[in-house]
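Attaching a predicted model along with its sequence, questions to come.
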Amino acid sequence: MEKEGEMQPVYLITGGAGNLACQLTFPLAARGIRCVLLDVAAEPVAPVAEGCQYVRGDVTNAEDMKTVFRDYEPRVVVHFASLLSAASEADRPAAWELNANGAFALLEMALAHRVDRFFFPSSLAAYGGALPDLISDHQVQWPDGMYGVTKTTVERLGVYYARRHGLDFRGLRLPIVVSRYAHLGAASSYASRAFMETAQSGKFVFQVRPESRPALIYTRDVIDAVVLLLEAPAAKLRQCVYNIQALSPTAEELAAAIRTHYPDASLTFQTDERIADLIDSWPRRFDDSAARKDWNWKSTYDLAAMAADFATTLATA
């Protein structure tokens, strides 16, 4: 917490209406940090911590960004704003404008205003092609979709700004995030949907294969990882972007974990080859040894813990 009379440090969180942004406000506020959430949406999708401020604005609008940096003088930028996978394929120009040009403009603003740190969440979508079962931090990146292309682009931009201009750029490559606020139209949301639809209707049909096992991470682990990396001393970080690993259950194992909390549920498989092939092309496991060594990353939620917490969250929502 800040000392009496000191100004609260301001963190600017773009994509501030989203679930991860909203959840992040609570541990940051507990540390005496003032969060300014920026988004084009009318309001956040979830509660935010007391003392946070929500601002309507667009990262691709130069005037909006000038106003935010002038009015709030953020010391740290957390850049969540992004057009997701399906939307990026449906509108490639919009995806490039927001995901790539928007990030470039924000990096420029961060550099000009001498922010202390810039955080960016990347994704398993940054990879593509034939992949080994275990993905290292330095696996060659050949993304197959527009969303992944933009994620890789921003990673490379961030490393450039770090090496050439001294900006403290930090990023995570995240597995599929399991959350009650997952984008339900995305193929990657199958694990989240399995919990939510089972809780709502007592049934769910998996369109992936029973043996499909892409890397997953529970949303609470994501928030812990972001806070850990944001707080890590710069001198201990040997690289800008880190993989993190949590769990890689098969869809069949996921179904079994869900049945533990909904024993009367009907959980079946009707494989959609297109969806299953996409899911099976994604990394199964990340080598996160660098994150564990450099900033003490460790996942808290295994499959049983995730299932228990998710079921409890849905029951009390």
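All right, it came through fine.

Low-confidence regions, the stretch 1-150 of the chain specifically.
Where the stretch 1-150 of the chain drops to pLDDT under 70, the residues are 1-6.

how far away is the residue nearest the centre of the chain from residue 209?
The residue lying closest to the centre of the chain (C-alpha atoms, centre = their mean) is residue 121, at 5.1 Å. From residue 121 across to residue 209, the span is 28 Å (C-beta to C-beta, to the nearest Å). Bear in mind the C-beta positions are built from the backbone N, C-alpha and C, glycine included.

ok, the residue nearest to the centre of the chain touching residue 20?
Yes. Residue 121 lies in contact with residue 20 (C-beta atoms under 8 Å); the separation is 7.5 Å.

residues bridging contact with the two, i.e. touching both?
Residues touching both residue 121 and residue 20 by C-beta atoms under 8 Å, 6 or more residues apart in numbering: 80, 226.

Excluding chain neighbours, what is closest to residue 149?
Nearest residue to residue 149 in three dimensions, chain neighbours excluded: residue 143, at 5.0 Å (C-beta to C-beta, 6 or more residues apart in numbering).

Now do the contacts for that neighbour.
Per C-beta under 8 Å, 6+ apart, neighbours of residue 143: 125, 126, 127, 128, 149, 151, 152.

Output the helix or strand hosting the last one as CSV, nothing but the C-alphas.
Using DSSP states H and E, residue 152 sits in helix 146-165. Included here for helix 146-165 are C-alpha records, laid out as CSV according to Å, rounded to 0.1, in the frame of the first residue of the first chain:
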residue,chain,number,x,y,z
MET,A,146,-5.0,-13.5,-38.4
TYR,A,147,-5.3,-13.3,-34.6
GLY,A,148,-2.1,-15.2,-34.1
VAL,A,149,-0.4,-13.1,-36.7
THR,A,150,-1.2,-10.0,-34.8
LYS,A,151,-0.1,-11.5,-31.5
THR,A,152,3.2,-12.5,-32.9
THR,A,153,3.6,-9.0,-34.5
VAL,A,154,3.1,-7.3,-31.1
GLU,A,155,5.5,-9.6,-29.4
ARG,A,156,8.2,-8.7,-31.9
LEU,A,157,7.3,-5.0,-31.6
GLY,A,158,7.6,-5.2,-27.9
VAL,A,159,11.0,-6.9,-28.0
TYR,A,160,12.2,-4.2,-30.5
TYR,A,161,11.0,-1.4,-28.1
ALA,A,162,12.8,-3.1,-25.2
ARG,A,163,16.1,-3.7,-27.0
ARG,A,164,16.3,-0.6,-29.0
HIS,A,165,14.5,2.0,-26.9
